[in-house]
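A.B. asks: What would the 3D arrangement of this be:
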Amino acid sequence: MKNSFESGKFFIAEQLGIPPLYAELWEFSNGPSIDDHVWHTFYELRPATEQEINVQVFDTVESLISKIRAVETWDETLSPHWDM
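C.D. replies: A predicted model of the protein is given here:
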């Protein structure tokens, strides 16, 4: 997966269908901040705990990997923050 990411670690959440984090960031910072940008990183990938399984699931591992491999160019314009 890292080979497909920008600089080996950055991706556009919206391009993979992953919920972006800007809403949570805005809640903590009271609006846009220097940390509000289009790029996301994975902290870790691990099996979900039983408690986490009860939370909304957005994709399967197989589908996520397929989406990552299909990316030829990361499209910053998919994020509402692309021009910040």
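
A.B. asks: Now for the spatially most central residue of the chain: which residues touch it?
C.D. replies: Centroid-nearest residue in the chain, with C-alpha atoms, centre = their mean: residue 13, separated by 3.0 Å. By C-beta atoms under 8 Å, 6 or more residues apart in numbering, the residues touching residue 13 are 19-21, 40, 79. No exception for glycine: its C-beta is placed from N, CA and C like everyone else's.

A.B. asks: so how far is residue 54 from it?
C.D. replies: Remark: distance between residue 13 and residue 54 (C-beta to C-beta, to the nearest Å) = 22 Å.

A.B. asks: Likewise for residue 61?
C.D. replies: Distance from residue 61 to residue 54, by C-beta to C-beta: 18 Å.

A.B. asks: give me phi/psi at the residue in the chain sticking out farthest from the centre?
C.D. replies: Here the centre of the chain is the reference, and by C-alpha atoms, centre = their mean the most remote residue is residue 50, at 22.4 Å. Residue 50 adopts backbone torsions of phi -60, psi -40, taken as degrees, to the nearest 10.

A.B. asks: can you map out the strands along the chain?
C.D. replies: Secondary structure of the chain, counting by DSSP state E: strands at 11-12, 39-40.

A.B. asks: The ones you listed: lowest mean pLDDT?
C.D. replies: Lowest mean pLDDT within the strands of the chain: strand 39-40, at a mean of 86.

A.B. asks: That strand - contacts with which helices or strands?
C.D. replies: strand 11-12 (3 or more C-beta pairs under 8 Å, 6 or more residues apart in numbering; DSSP states H and E).
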